[in-house]
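# Predicted structure and sequence below. I'll ask about it afterward.
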Amino acid sequence: MSPRKSPAGRKSTPPLGGSPAPSAVELGSVESIEAVMQGRSNRLAQLLDKISAQGFSQRQVAMELNVPPQYLSDLRHARRHMTEAFARRFAEAYNVSINWLLTGQGSEESLQVVQAGAGGTGGTYCLPVLNAPCIGDPRHSRAWDGSTIVVAGAAAAAVERARLPYVLRMGGHDTTGRFQQHDLVLCSQDIRSDSSFALVRLSGEEICVARQDDQGQFKIPGKRESLLRSMEILGHCVGIIWAPL
C-alpha cells in the first residue's frame, strides 16, 4: 500500500518517537521548530536547576509529576516536544506561569517547591471518585458510582492531611482555566482560608465548587450575589491528581 499523501501531494510523516507535533501557531521552518523546543527546554532546565538548589533531584520531580525520569530528561535536553499537557502539570505543581514556560512571554511567577510526601508515610490510598461534591462519608454519597483511584507519592501525603478525602471528577471547565473537564481533583472536607477553591453548599442541598477572588470572596459563575452570601463552606480542593504521561 502506498503512503497516504497530504492535499498538497506530499507524503505525511508521523511525529518521531511518538512525540506530539508542535501546534499550528508554531509550524514554520525546521529552524523555528527547533528554536521553540530549545527555548522550552532552556526554561525547564532553569526551573529544574532552581529546584535542585533546594535539595530535590530531577528524579524526585519526575515522581511528583507522575512522569518517567527519562521523559523529563528528554524534555530538558530538547529530545522531545514539551506538550501543553506537561507544561500545565508542571505549572500547577510548582506555581509557575504556563505561558512563560511555553513561550517565554510574561513573568515566571513564584517557584514553589514542596517536598513530595512531606510528613507522610510514602504509602498508597484507594479513594472514591465522585461526580459531585459531597458531605460526610464519600462512599455513602449518591454521587459515587463505585469508581476508585489509587494515589501515591505527594498525593498520598496530601490524603494523610485531609479530612474525609475523595476525588472529584470535574464535569466542565472552570472560569479561571485551572480546572478542566474530566480533571480529577483531590478534595478535603475541612475549611482552609488560604484555599483558592472551596466546596460550598448553597440554599437547599446544592453543593458545588467556588473560587476565591483577590478580595477573599467566593464566586460561582451564574449564581446571584444574594445566594452566595448565604452559602456554607464545607471543604476545599487540595489539587489535581495527574495520570501518568
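On my side now, so go ahead. Numbering: from 1, shown residues only.
# can we go C-alpha only for contacts and neighbour counts from here?
Fine.
# any idea whether the closest residue to His236 other than its chain neighbours is helix, strand or coil?
Take His236 and drop its neighbours on the chain: the residue closest to it by CA to CA, 6 or more residues apart in numbering is Ala198, 4.1 Å away. At Ala198 the chain is in strand, as set by DSSP: H, G, I helix; E, B strand; the rest coil.
# Ala198 bridge partners, please.
Ala210, His236 (DSSP bridges).
# list the helices and strands the helix or strand that contains Ser73 packs on?
Secondary structure assigned from DSSP states H and E places Ser73 in helix 69-76. When contacts are defined as 3 or more CA pairs under 8 Å, 6 or more residues apart in numbering; DSSP states H and E, helix 69-76 sits against helix 30-53, helix 58-65.
# give the contact list for the residue nearest to His236.
Residues near Ala198 by CA atoms under 8 Å, 6 or more residues apart in numbering: Ile191, Val209, Ala210, Arg211, Gln212, Phe218, Ile233, Leu234, Gly235, His236, Cys237.
# Would you mind putting these into TSV with neighbour count alongside?
Shown next, in TSV, are these (neighbours: other CA atoms under 10 Å):
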residue	neighbour count
Ile191	15
Val209	21
Ala210	22
Arg211	22
Gln212	17
Phe218	20
Ile233	20
Leu234	20
Gly235	26
His236	25
Cys237	25
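# which one of those residues sits closest to Ala45?
Cys237 (29.7 Å; CA to CA).
# how near is the closest one to Thr124?
Relative to Thr124, Cys237 is positioned 19 Å away (CA to CA, to the nearest Å).
# Please tell me I have it right and His77 contacts Ser41.
Yes - using CA atoms under 8 Å, His77 makes contact with Ser41 at a distance of 6.0 Å.
# how distant is stretch 179-198 from the center of its chain?
The gap between where stretch 179-198 is centred and where its chain is centred comes out at 12 Å by CA atoms, centre = their mean, to the nearest Å.
# swap that for stretch 231-244, please
11 Å.
# Distance of the closest residue in space to Arg169 that isn't next to it in sequence relative to Leu168?
Nearest residue to Arg169 in three dimensions, chain neighbours excluded: Leu184, at 4.8 Å (CA to CA, 6+ apart). Taking CA to CA as the measure, Leu184 and Leu168 are separated by 6 Å.
# Can you list phi and psi of the closest residue to Asp137 other than its chain neighbours for me?
Nearest residue to Asp137 in three dimensions, chain neighbours excluded: Leu164, at 6.5 Å (CA to CA, 6+ apart). In terms of degrees, to the nearest 10, the main-chain angles of Leu164 are phi 50, psi 60.
# Let's see the pLDDT reported for Leu164.
At Leu164, the pLDDT value in this model is 94.
# same question, Lys223
Lys223 is given a pLDDT of 69.
# Next: Ala158.
84.
# What is the burial count for it?
Ala158 has 22 neighbouring residues, counting by other CA atoms under 10 Å.
# So what's the gap between the host helix or strand of it and the chain middle?
Assigned by DSSP H and E, Ala158 belongs to helix 154-161. In this view, helix 154-161 has its centroid 16 Å away from the chain centroid, taken as CA atoms, centre = their mean.
# how far off helix 58-65 does that helix point, in degrees?
Helix 154-161 and helix 58-65 are oriented at 60 degrees to each other (axes from the mean of the first three to the mean of the last three CA atoms, to 10 degrees).
# Let me know the next secondary structure element after helix 154-161.
Helix 154-161 is succeeded, C-terminally, by strand 166-169 (DSSP H and E).
# and that following strand, which strands flank it?
Strand 166-169 is paired, per DSSP bridges, with strand 125-130 (parallel), strand 184-188 (antiparallel).
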